[in-house]
Every structure is written in C-alpha cells, then in structure tokens.
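Engineer: any chance you could fold what I've pasted below:
(4 chains)
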Protein chains: 2
Amino acid sequence: MPRHRITQSDVAAMAGVSQATVSFVLNGNTPAGVRIGEETRQRVLDAIRITGYTANPLAQRLAGGLTQILGVFTYEATFPRAGRDFYGPFLVGIEHAAERLGVDLLLFTSAPATGGRRQLTRDGWQRLGVADGCLLLGQHEDRGELQHLLDTNYPFVFIGKRGSDGGRLPYVGADYVGATTRQVDRLVALGHRHLGYVGVRGTDQPTLDRVEGYRTALKARGLTPSFVESDDVATAAGEILARSLTAVVVAPENHPEELADELERRGARVPGDVSVLLLGQPHHPRRGGRRWSGFSVPREEMGVRALYLLSRLVADDGGRRDRETRRASAVPDAELHQLLNCPDVEGATAAPAPSSAGPDPASA
Amino acid sequence: MPRHRITQSDVAAMAGVSQATVSFVLNGNTPAGVRIGEETRQRVLDAIRITGYTANPLAQRLAGGLTQILGVFTYEATFPRAGRDFYGPFLVGIEHAAERLGVDLLLFTSAPATGGRRQLTRDGWQRLGVADGCLLLGQHEDRGELQHLLDTNYPFVFIGKRGSDGGRLPYVGADYVGATTRQVDRLVALGHRHLGYVGVRGTDQPTLDRVEGYRTALKARGLTPSFVESDDVATAAGEILARSLTAVVVAPENHPEELADELERRGARVPGDVSVLLLGQPHHPRRGGRRWSGFSVPREEMGVRALYLLSRLVADDGGRRDRETRRASAVPDAELHQLLNCPDVEGATAAPAPSSAGPDPASA
DNA sequence: TCAATTCGATAATGCGCATTATTTGCAGGG
DNA sequence: CCCTGCAAATAATGCGCATTATCGAATTGA
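Structural biologist: Alright, predicted model coming up:
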C-alpha cells in the first residue's frame, strides 16, 4: 500500500488498464464514442473497492469538475466574539443541509475585514473558486462585486432578501413585510389605535421591509403611522409617552430591552400601558429577560433552503467546464427567490390597549 | 480583461516573461541557482498589481503547496439541530484565529454520520487533503484512523485532551483535573465534609479527569469519596439525601438542573441544604434558570490556541511536498500539549455547609 | 582570443483528474 | 485480399502552479 494517496493511476495499474479508463468508469459517462467493456468495468470497480480509492477533489476541480464543497461568505465575522451570535442559527441549518447533500462547507474567514466589514475583493474572489458555489450572508452589497459574480456565472445564493439588480439575484429571505403587517394586526385586534414604530430608518432590506409592512398595515386600517426615530432610548421612550402611544413595534437592533426598561422607569408598565412587539429575535437575550411577543425569523430553515437552492444551481450550471456557455437556467424562478414565513411568537409583552373597551370594537 | 480567472500565464504575458518567472517572483525564493533581475521583478510585480492576480489555491496545493485552508472535523454534528450548541464557542475562537491567520476554514460536513457519529473514513480522509491541516473535535477516537493520520504525517490538532497514544497526539485541552480539585477545595473551605460526585462513570477524558480531580482532592483532605452513579435523577437525589451529603459536584451532562429541582422537591434547598457545583458550563441553559457555581471551560480560547498550534504545525511540516521526509519537529513539546485553565464561576448554588460551624474549622 | 564563470531567465515536468483525439483489434462487405 | 465499420481502449492534452533542469548571453580571467 503506497504511503501517498491512492490515485487513479494506482487503480489503473492494479486493474491493468489506463488511467483514462478508470476515470471513465468512475464517471459512468462516456462522452465521445468511448466504450468500456463490462468485464473491464468490473475489474476497475474491484480495484477501486480494494484500494479504497477516492477522487482528489482538488484535482477534479482543477480539471473542470466539482469539489463538492460549498462556500459560505459572511460580510461580518461569522462568529462574533462579543455580542449575539447572529449567524449561528443559519449555520445550524446550513450544516444540516450540507450533511444531507454530502458536501463540505468552506468558510471564507480569510477575507480581510476592513472596518469590521469583510470585502469580497478580487483576492477573496479568487479563493471562492475552491468551492462549487457560495452562500452570501450579510447586509453589505457592493455592486461591482455582484456584477463580477454574475458575469462569471459563478453560482451563489444570498441569505436575506435582495431587492436590487432587478431581482436577478437568487436569495432565500424572510417575509418581514408580511410578518410586520401581522404584528400590527395583532395589536389592532387587541384594541390598540395608536401604534408606533420605533427605530432608526436604516436602508437595509429588513428595515425597509419592516417599515413597509408597518406603513401598509396602518394604512389598511385607516390609522396614522407614528415613527419614533430617535437612536437614544431615553428620547424614544419620552416620545412614546408624549404621543400617548399604547403599542409600538420595534426591531431587535433598536434595543427593545433597554427601551422597555426605560418605559417602566418612567412609570409605564410593559405591556400593561404600552405593548411592545419585537420584529424578530432579540439580539442579546438576557438571563431572566422578557419573553418577547412578536415574530421570529426562521433562520435555520433559511439556511437549509439556501444551501439546497445553491446545490441545485451548482448541479444545473456546474459540471460544465465551459463557464461561457450560459444556458437557460432550469431552476424555476419561484425557487430562485424564496420568502419564508416568520411565525408569530406568543410572549408576554403584548396586552389589550389600556383604555380600550376590549378587542377591536369597530374598526373604521 | 479575460473572463476566465487570471492565471500566472496572463501575468507573464503582460510582463513579457515566462510563467515560471512569475511563480519565482511570487514565492520570493529561488531554490536552485535561479536568479531574477530587479528590473524584471518589478515588471512582474506591476503586472500582478494591475491584473489583480491571486493564486488559485487548488492549483497551488496540487502542485505541492499550501491552500491556506485549515479543516475542522467534528465527530458529532457541528451545529446540532436540537439541544445546546456545543461546538459553537469553539468555533467562535477558531474563526477568530482563522481571520488573524488569513486562512479559510473547511468544515467536513460531508462525512457520513453513522449512528449520530461521524466517521473519518478512507473516503473522508481523502477529502482532508484539501486542507493543509485539520482540527479534530469530539470524543470519538478510532485507533486506526489516528494511526493513519500519524503515518501520513498529516498535520492535525485535537481539541480536548488526549491521553492515548503515549501523548504523541497534539492537543489543546482544558484542565479538568485541576479545576475539579479547586471545586472540592471551595466546598471544603465552606465547611463541607460530605461531598459527593454525581454522574455516570463514562470513559471519556473529561469524565476521567473530573473523577480523578475529585478523588485526589478528597484524598488530600482526608475525606471519603462518595460516588452517586445513578443515571436516574430521582434515584440520585435520593442517594444524596440518604447519604447526608451536603455538597455534590456534577458534570453538565448529568442533568444538574433536573437534579437540583428534584432535591428541592424533596425538601432540600439548593444551596441551603445541598450545594451543587457544576463542573463546566450548563448544557441547556434555561431562561431564568439557576446561576451555577463551578467552573467554565475556556472553549473559545481553546479554539484560538488550537488553530494557532495547527498553523504552526503546518508551517513547520507543510510546504514540503515530500511528506516522507519527517524531520524533527521544531514545535516544542510544551506547545504540542496545552492544558488551559478553567476559571471558577461564582454562582448561586454554593453555600456554607448547613450544620457547620463556619469556614473550615480544623481540617484534619 | 577563447574557455570558464556568473547572471538571468526559460523550457519542461508533474501534481491528479476529465476529456478529446487516436490507435488497435476484429468482424463483415465488396 | 483489401477496405470499411465498429467496438474497446489508450495516448495525449490541459487545468494552474511549483520546481528542476537547461540554456543563452554577458562578463571575466589568462
């Protein structure tokens, strides 16, 4: 038994055939009029079994094949040292899917993080090539980078909705719009008429979607939107009370925990006087902290779906060494853009409106 | 600008030199009497800068170089779908280290999990080759597999102490023996004289070490060990009370939460009547659960150290395409086997012994 | 002036595999 | 008897790079 890794040549020698023959047998297909006799085929298969040969993924890839490696690129540190582990849940799903698909995962941790934000530089881009395709996580969006990806026809899938580029970017996202709309509806059903939205108006997709959901839901109910945009918790709490809001929706990144504390410090009970619905999972769950009402983002499921989609794209596009031939994708458009439902969470921060005569007496 | 990835040949063409020259310039070294003129060198460097060329890691590796990819193999699912995320903290550290080292991480999720336990089969073993070296996490230990690793001189590092193989296996572990000893000392200092060890006697290293620490600490104090080995929480609680133990140490996998609940259900307050020290972090931290006293395993730090060590081993052994030449390792033995300290945790489950006259009146 | 160095750089090779082009052996047809 | 046709397999090539062997020109020494 050779000390070095067993190669096709080793197998070939044992079976008394050429390396090429082994390759053909392995891949099953015989592209150009090449035929392998059944007897020879068996001999090769036996040799493979005996030697325990397995293909070297690198060599395969270099020769135009697939590595069975899928990449994961995060624009922020994958496992943040301090603070909430944002990507963890996604990775749980991703790994689960990877296991079922029989692929390995490559985490692009080498990308230089400039100012806490990873760049998909030309350098990093080259490294992507090791993987057959890549998952992209995070908010950053560099037009140039994306264009490059599209140009080279490299398979990739975003985790998180992507509105830009005319919807040509494949993604698996969460339905923030719908979920936020439902939260407003829950509050209205509880008798609330003065509902606020707390949080700075970022331009990231989740925030845009939350705002849109909030706005349209209020409009549909004939209510007036009320945005509390202060970044400062104290100011925000003051605003809420000053405007006599009986309920607010707030995104996890806008310090809901501190906000609720501040409200109570000012004598407003949560949810007794002010209901607070959380538009996603809390970032920094405290020990013995509040059980938030609101909705949860199915991150794990998103991870699973995203990797499956990526796998399909790879199978569809990959394999062909000639990346130039961009044939019409066989993956239906509906699969290319998936929006997953965010299930409601029954917590302890939502209650009927204080001075209301019960649930929804006569909505306009 | 070519659509395909830029190769050394592209750079060479632009600089008006040969591909080999580019390679030499890139690697800096000129092994065998090869010299590159300063002017030419600059021309090549300029071409590299202009084209944004970066080496293809696969090709490098195939040609005997390094991929700058380090592998992570877990014997169990890396991100368990249900239950506590055991590997998470390690990965936080590993990723952090990877970032600093400028390497990518390859998660071997493709290994078939037979009965919830991943195998490092010949197949999987081949796939390791993509990475320059590999981190091994988990309890499983297959002599054959390990021998293979050693034989091929493939760089690897265990996370978690490894006692077998005459200490030839490089690892970064936690000092369970010392930490457990300290816990016993804490309890003794609180006046406890009847200290039990709760938990089934597994053969895994952490358990062996905990037991050893417990045993030697008691012996040093002239006290009698008392093992409560029942797997059943109710039985264990009964035993503790029947033996009049005033304190127990318990490993996280032995359901400390349920045990404490059961004790209190039987009228024994924790820690009023029975102190319970946890030998590690809780597996399933509950919302509003107990704040355990005991110690914590520095998983993150272990991850960091392990990857650094692996990186050193790779640098030391790697690079040389001739894996046969096993030269004396330049990595000192002290670094090859690291035991990290487990800091004590001040929680709320340790109290002075009930009928004791205070802290440690006259220890034998 | 011509061989002996030294300098500067290139051609050639192999890593392990997929794939294309080509060869070989052998039956049947004219 | 030679040529065509087909089955069966092999030789050859390239992927992108590291490395070894090799080569040409400029410089030196006597």
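
Engineer: how is chain A partitioned into domains?
Structural biologist: Split into domains by automatic domain parsing, chain A comes to A:8-55, A:69-154+A:300-339, A:176-297.

Engineer: against residue A:227, how distant is residue A:214?
Structural biologist: Distance of residue A:214 to residue A:227, computed by CB to CB, to the nearest Å: 9 Å. For every residue, glycine as well, the C-beta is placed using N, CA and C.

Engineer: what about residue A:44, which helix or strand?
Structural biologist: Under the criterion of DSSP states H and E, residue A:44 resides in helix A:38-51.

Engineer: dump that helix to CSV, keeping only the CA atoms.
Structural biologist: Only the C-alpha atoms of helix A:38-51 are listed here, as CSV (Å, rounded to 0.1, in the frame of the first residue of the first chain):
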residue,chain,number,x,y,z
GLU,A,38,-18.5,-4.9,-19.0
GLU,A,39,-15.7,-7.2,-17.9
THR,A,40,-13.1,-4.4,-17.8
ARG,A,41,-15.5,-2.2,-15.9
GLN,A,42,-15.9,-4.8,-13.2
ARG,A,43,-12.2,-5.2,-12.9
VAL,A,44,-11.8,-1.5,-12.4
LEU,A,45,-14.6,-1.4,-9.9
ASP,A,46,-13.0,-4.2,-8.0
ALA,A,47,-9.7,-2.4,-7.9
ILE,A,48,-11.4,0.7,-6.6
ARG,A,49,-13.0,-1.2,-3.9
ILE,A,50,-9.8,-2.9,-2.8
THR,A,51,-7.7,0.2,-2.8
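
Engineer: what's in contact with that helix?
Structural biologist: With contact meaning CB atoms under 8 Å, 6 or more residues apart in numbering or on different chains, helix A:38-51 is reached by A:6, A:10-12, A:14-17, A:21-22, A:25-26, A:36, A:53.

Engineer: go through that helix and flag the buried ones.
Structural biologist: For helix A:38-51, a neighbour-count test (16 or more other CB atoms under 10 Å in any protein chain shown) marks A:40-41, A:43-44, A:47-48, A:51 as buried.

Engineer: does any bit of that helix sit next to DNA strand C?
Structural biologist: No: under the criterion of CB under 7 Å from any atom of the strand, helix A:38-51 makes no contact with DNA strand C; the nearest approach is 10.5 Å.

Engineer: that helix and DNA strand D, are they touching?
Structural biologist: Yes: with CB under 7 Å from any atom of the strand as the criterion, DNA strand D is reached by helix A:38-51 at A:39-41.

Engineer: let's have those residues in TSV, adding pLDDT.
Structural biologist: Below are the residues of helix A:38-51 next to DNA strand D laid out as TSV (pLDDT from 0 to 100):
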residue	pLDDT
A:39	89
A:40	90
A:41	91
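
Engineer: returning to what we had before: and the contacts of helix A:38-51, which are buried?
Structural biologist: So, by 16+ other CB under 10 Å, the buried ones in those are A:6, A:10-12, A:14-15, A:17, A:21-22, A:25-26, A:53.

Engineer: dump those residues to CSV, plus distance to chain B, secondary structure and pLDDT.
Structural biologist: As requested, those are exported to CSV (distance: CB to the nearest CB, whole Å; DSSP: H, G, I helix; E, B strand; the rest coil; pLDDT from 0 to 100):
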residue, distance to chain B, secondary structure, pLDDT
A:6, 8, coil, 87
A:10, 13, helix, 92
A:11, 13, helix, 93
A:12, 17, helix, 93
A:14, 16, helix, 91
A:15, 18, helix, 91
A:17, 21, coil, 93
A:21, 20, helix, 92
A:22, 15, helix, 93
A:25, 17, helix, 91
A:26, 13, helix, 88
A:53, 8, coil, 89
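
Engineer: of these, closest to residue B:190?
Structural biologist: Relative to residue B:190, the closest of the buried ones among the contacts of helix A:38-51 is residue A:6; by CB to CB it sits at 60.8 Å.

Engineer: how far away is that closest one from DNA strand D?
Structural biologist: Distance, residue A:6 to DNA strand D, by CB to the nearest atom of the strand, to the nearest Å: 18 Å.

Engineer: could you do residue A:117 as well?
Structural biologist: 27 Å.

Engineer: just residue A:237 next, same as before
Structural biologist: Distance of residue A:237 to DNA strand D, given as CB to the nearest atom of the strand: 57 Å.

Engineer: closest to residue B:68 among the buried ones among the contacts of helix A:38-51?
Structural biologist: residue A:6 (25.3 Å).

Engineer: contacts only, for the closest one.
Structural biologist: With CB under 8 Å, 6+ apart, residue A:6 has these contacts: A:51-54.

Engineer: cool, residue A:170 as well?
Structural biologist: Residues counted as contacts of residue A:170 (CB under 8 Å, 6+ apart) are A:156-158, A:309, A:313, A:336-337.

Engineer: do you know the pLDDT at it?
Structural biologist: Note on residue A:170: pLDDT of 91.

Engineer: how close does it get to residue A:144?
Structural biologist: Distance from residue A:170 to residue A:144, by CB to CB: 19 Å.

Engineer: which two among the contacts of helix A:38-51 are spaced furthest apart?
Structural biologist: Across those (CB to CB), the longest gap, 20.4 Å, separates A:6 and A:36.

Engineer: I'd like the distance from the helix holding residue A:44 to the chain centre, please.
Structural biologist: In terms of CA atoms, centre = their mean, to the nearest Å, the centre of helix A:38-51 is set 43 Å apart from its chain centre.

Engineer: find residues that contact each of residue A:214 and residue A:227.
Structural biologist: Going by CB under 8 Å, 6+ apart, residues that sit against residue A:214 and also against residue A:227 are residue A:197.

Engineer: the more surrounded of these two?
Structural biologist: Set residue A:214 next to residue A:227 and count neighbours by other CB atoms under 10 Å in any protein chain shown: residue A:214 wins out with 24 against 15.

Engineer: can you tell me the element that one falls in?
Structural biologist: helix A:205-221.

Engineer: can you confirm whether stretch A:138-149 lies near chain B?
Structural biologist: No: if you take CB under 8 Å from any CB of the partner chain as the test, stretch A:138-149 misses chain B, and the best it gets is 10.5 Å.

Engineer: for DNA strand C, see how far away residue A:107 is.
Structural biologist: Counting by CB to the nearest atom of the strand - residue A:107 and DNA strand C are separated by 25 Å.

Engineer: which helices and strands sit right next to the helix or strand hosting residue A:235?
Structural biologist: Taking DSSP H and E as the criterion, residue A:235 maps to helix A:233-242. With contacts defined as 3 or more CB pairs under 8 Å, 6 or more residues apart in numbering or on different chains; DSSP states H and E, the packing partners of helix A:233-242 are strand A:195-198, strand A:227-228, helix A:256-265.
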